[in-house]
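Peer 1: here's my sequence, what's the structure:
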Amino acid sequence: MNDLALLLTPEGRALLDEVRNTDPARELAVATRLRREHPAELVSAALGQARLRQRAVVKFGARDAGRMFFTPNGVEQSTRASVAAYRARRLAESGVTSVADLCCGIGGDAIALARAGIRVLAVDRDPAAAAAARANAEALELADLIEVREADVTQVGTAGYDAVFVDPARRGGRGRIFDPEAYSPPLSWAVLAARHAPRAAALKVAPGIPHEAVPEDAEAEWISDGGDVKEAVLWFGTEPGAVRATLLPGPRTLLSRGLPDPQVRPPGRYLYEPDGAVIRAHLVAEVAEELDGGLLDATIAYVTADELRPTPYATPYEITDHLPFNVKRLKALLREREVGNLTVKKRGSAVEPEELRRKVKPQGPHAATVFLTRVAGAPAMLIGHPA
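Peer 2: Okay, here's the model as predicted:
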C-alpha cells in the first residue's frame, strides 16, 4: 500500500513513465542514477511496478498493463483479460446489470464487468489488493461503475446486486490448494452466496476440481485460452447440471450430451489430441463421436480415427508409424529419416520428453512428433506430424 501511495503522487506517476521500458539487466544502473534525484523508496517502488507491468502484458495486453497497478500476487492470480471478458459477456447477456465481485484482487474481473456495462461492487480484505483495484478503476476510467471496498467478503451484504461473482483464494503458504473446502473462503460458503443471488452467480474454481464436488444445481464450465486451460466456473441460475468446455478465442463451446465412454480401437491414420478444457470437462466422448473415432486406450484421452475432419476441439496429427515402445528402434528410425526437430508428447507414459531426446539425439533437417502412450494397455510409440 505504501508503494502504491508513492506511485500515485505526481512525482511517482512521472517516474513510472520514465522507467516503463527498463531492461531488467540495466535495472541496477537505472536505480543508481535515479536515486540521485528521487527518494530511494520511490525509485524501488517504480522499478518494481515496472517489472510487474511487464509481466502483466501477457494477461492484460500492453495498453492496459501499462496503465494499471499490480501486486505480485495480483499478477499471478488475476484472471486473463480474455477470459474475464467472456464471463462478463455471459452475465450481461443473461440480463445482469450489477455484480458483487467478491475476492476481487487487483480488479481484473471488475474491469471486464464494468466494460460490459455492469455496475460492480469489488470487495477484497487485502488492503494492497483493494488499493490496486481502486487505482485501476480510476486509471482505466471505470471508477463511475466500480465501487471498491476493503472488507471480509463473508461480512458484506449483496442483496442489492443482480449477481455474485466469487474468486476464492486457491493458494496458501505451501502453494496451490486442491481441496475446495480449503479455499478462502471455502467453496461451500461461495455456493451459499451464489444460491442467494437474485439472477445469476459465477464461482471461479481450479480446473482440477473433482466433478463430484460440483453441486447438482450448478452448471460447470471449463475454459481454455489459446489451448491452455485457465479455469473452471460454476454457474448458478443458468443450466443446472450442464457441463461444457469453452475454447477461446471464439468462443467455441462443446456441451455434454451424456455419451458413454468411446470404444477402444486400433490406431487409425489420424490421432486427435483434445483440447485441455475438453479433457477436464470429460467431453472426449463427444469429440470422438464427432470424428467417428475411438480411443487408443480406455484410460487415455487420445482419439484415433481413419478420416481427417476439422474440429476446433482437438488437434489432428497424421500417424506414419505405430511401434511398441523401444528407444533403440526409435533412435534408428529417426536417424534413417533425418529428424532433427523432434516434438515429444506423452500421455500414460513415465518417460520424460527431455530424457527421451537425450537418448535418441535427433539430428537432421526434418521434423516429426512422437507420442509416448499406451495402445490397448501396451506401451507404444506413435510417430507422425501435424495434419
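Peer 1: where does pLDDT dip in this protein?
Peer 2: Counting by pLDDT under 70, the low-confidence segments of the chain come to 1, 172-174.
Peer 1: which residue lies nearest the spatial centre of it?
Peer 2: By C-alpha atoms, centre = their mean, the mean C-alpha position of the chain lies nearest to Lys230, the distance being 1.7 Å.
Peer 1: surely that residue and Val205 touch.
Peer 2: No: counting by C-beta atoms under 8 Å, Lys230 stays clear of Val205, with 11.6 Å between them. Every C-beta, even on glycine, is put in place using the N, C-alpha and C of the backbone.
Peer 1: contact partners for the residue nearest to the centre of the chain?
Peer 2: 79-80, 83, 207, 223-224 (C-beta atoms under 8 Å, 6 or more residues apart in numbering).
Peer 1: so which of those residues is the most crowded?
Peer 2: Neighbour tally across these (other C-beta atoms under 10 Å): the maximum, 29 neighbours, falls on Ile223.
Peer 1: would you double-check that that residue falls in a helix?
Peer 2: No: using DSSP: H, G, I helix; E, B strand; the rest coil, the assignment for Ile223 is strand, not a helix.
Peer 1: which one is it nearest to, not counting chain neighbours?
Peer 2: Thr246 (4.9 Å; C-beta to C-beta, 6 or more residues apart in numbering).
Peer 1: how near is the one you found to Val156?
Peer 2: Thr246 is 29 Å from Val156, where distance means C-beta to C-beta, to the nearest Å.
Peer 1: between the two, which one's more packed in?
Peer 2: The neighbour count for Thr246 versus Val156, taken as other C-beta under 10 Å, is higher for Thr246 (24 against 14).
Peer 1: the more buried one belongs to a helix?
Peer 2: No: if the criterion is three-state DSSP, then Thr246 is strand and not within a helix.
Peer 1: partners of it in the sheet?
Peer 2: Applying DSSP bridges to Thr246 gives these bridge partners: Ile223, Thr253.
Peer 1: helices or strands up against the lengthiest helix in the chain?
Peer 2: Across the chain, the longest stretch assigned as helix under DSSP state H is helix 40-65. Judged by 3 or more C-beta pairs under 8 Å, 6 or more residues apart in numbering; DSSP states H and E, helix 40-65 is in contact with helix 2-7, helix 10-19, helix 27-34, helix 72-77, helix 81-93, helix 108-115.
Peer 1: out of these, flag the one nearest Ala151.
Peer 2: Judged by C-beta to C-beta, the one of the helices and strands packed on helix 40-65 that comes nearest to Ala151 is helix 108-115, at 14.5 Å.
Peer 1: from the middle of its chain, how far away would the closest one be?
Peer 2: What separates the centre of helix 108-115 from the centre of its chain is 17 Å, taken as C-alpha atoms, centre = their mean, to the nearest Å.
Peer 1: just to be sure, Thr22 is in a helix?
Peer 2: No: Thr22: not assigned to a helix; according to three-state DSSP it is coil.
Peer 1: which non-adjacent residue is nearest Val284?
Peer 2: Val284 sits nearest to Ala301 (C-beta to C-beta, 6+ apart), 4.9 Å away.
Peer 1: pretty sure that neighbour is touching Arg280, no?
Peer 2: No: contact criterion C-beta under 8 Å: Ala301 and Arg280 do not qualify, at 9.9 Å.
Peer 1: if Val99 is in a bridge, with which residues?
Peer 2: Counting by DSSP bridges, Val99 forms beta bridges with Val120, Ala163.
Peer 1: Tyr86 versus that one, what's the distance?
Peer 2: 15 Å.
Peer 1: among the two, which residue is more densely surrounded?
Peer 2: The residue with more neighbours, out of Val99 and Tyr86, is Val99; 30 against 21, by other C-beta under 10 Å.
Peer 1: run a quick neighbour tally on the residue lying closest to Leu187 once chain neighbours are set aside.
Peer 2: Using C-beta to C-beta, 6+ apart and skipping the chain neighbours, the partner closest in space to Leu187 is Pro180 (3.7 Å). When counting by other C-beta under 10 Å, one arrives at 21 neighbours for Pro180.
Peer 1: I figured Pro180 hits His211, correct?
Peer 2: No: checked against C-beta under 8 Å, the pair Pro180 and His211 is beyond contact range at 12.0 Å.
Peer 1: about what we covered before: will you turn the contacts of Lys230 into JSON lines that also has distance to Ala133?
Peer 2: Listed next are the contacts of Lys230 as JSON lines, based on distance: C-beta to C-beta, whole Å:
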{"residue": "Thr79", "distance to Ala133": "13"}
{"residue": "Arg80", "distance to Ala133": "17"}
{"residue": "Val83", "distance to Ala133": "18"}
{"residue": "Pro207", "distance to Ala133": "24"}
{"residue": "Ile223", "distance to Ala133": "22"}
{"residue": "Ser224", "distance to Ala133": "26"}
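Peer 1: thank you, goodbye.
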